[in-house]
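Visitor: Here is my input, please return the structure:
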Amino acid sequence: MKNPVCYFEIPVADLDRAVAFYEAVFGFTFDRMTIDGNKMALFPVFAGQPGATGALAMGDSYIPGRAGARLYFACEDVDATLSKAMSAGGRVLYPKTSVGELGWVAEFEDSEGNCIALHSDR
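Guide: Here you go, the predicted model:
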């Protein structure tokens with residue numbers, strides 16, 4: 001059986017601003033395209049690696065906000081990634097917190113007002 005999540009989309013109001021934010025925080029390079037009239041910036045795909053990929057998505061049905069699902073981005077160092085998010089204009093919503101043997105988590109608000117979570121192993 002496969003993991004249940006295979007793809008995600010993060011709603012954005014300003015695609016250029018959002019791409020700049022996520023590039024600054026995570027160092028990603030995005031491929032841009034228009035899909036069904038919606039502007040998309042696709043996160044990288046690492047073939048053969050675990051986890052889902054997705055896109056920053058801008059269009060009439062994409063409404064950024066803190067309510068709704070939380071996406072957890074894996075990172076090596078929660079503190080360093082939170083620092084990058086703050087430097088790029090984000091805001092800490094939930095500080096670095098231990099989840100025991102599972103590692104560390106934190107949450108920040110991105111450039112579009114979405115709540116994005118982080119996770120690192122111990």
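Visitor: Give the other helices and strands that the helix or strand hosting residue 18 contacts.
Guide: Using DSSP states H and E, the element containing residue 18 is helix 15-26. Other helices and strands packing on helix 15-26, by 3 or more C-beta pairs under 8 Å, 6 or more residues apart in numbering; DSSP states H and E, are strand 38-42, strand 53-58, helix 78-87. The way it works is simple: take the backbone N, C-alpha and C, and place the C-beta from them, glycine included.
Visitor: Show me what counts as buried in that helix.
Guide: For helix 15-26, the neighbour count (16 or more other C-beta atoms under 10 Å) marks 15, 17-19, 21-22, 24-26 as buried.
Visitor: Ok, stretch 62-71 next?
Guide: Neighbour count says stretch 62-71 has 62, 64, 71 buried, by 16+ other C-beta under 10 Å.
Visitor: which one of these is nearest residue 103?
Guide: Residue 103 lies nearest to residue 71 out of these, by C-beta to C-beta, at 16.3 Å.
Visitor: Need phi/psi at that closest one.
Guide: phi -100, psi 130 (degrees, to the nearest 10).
Visitor: How about the contacts made by it?
Guide: 8, 10, 54, 116-117 (C-beta atoms under 8 Å, 6 or more residues apart in numbering).
Visitor: Could you check the pLDDT of it?
Guide: Residue 71 carries a pLDDT value of 95.
Visitor: ok, now residue 68?
Guide: For residue 68, the predicted pLDDT is 87.
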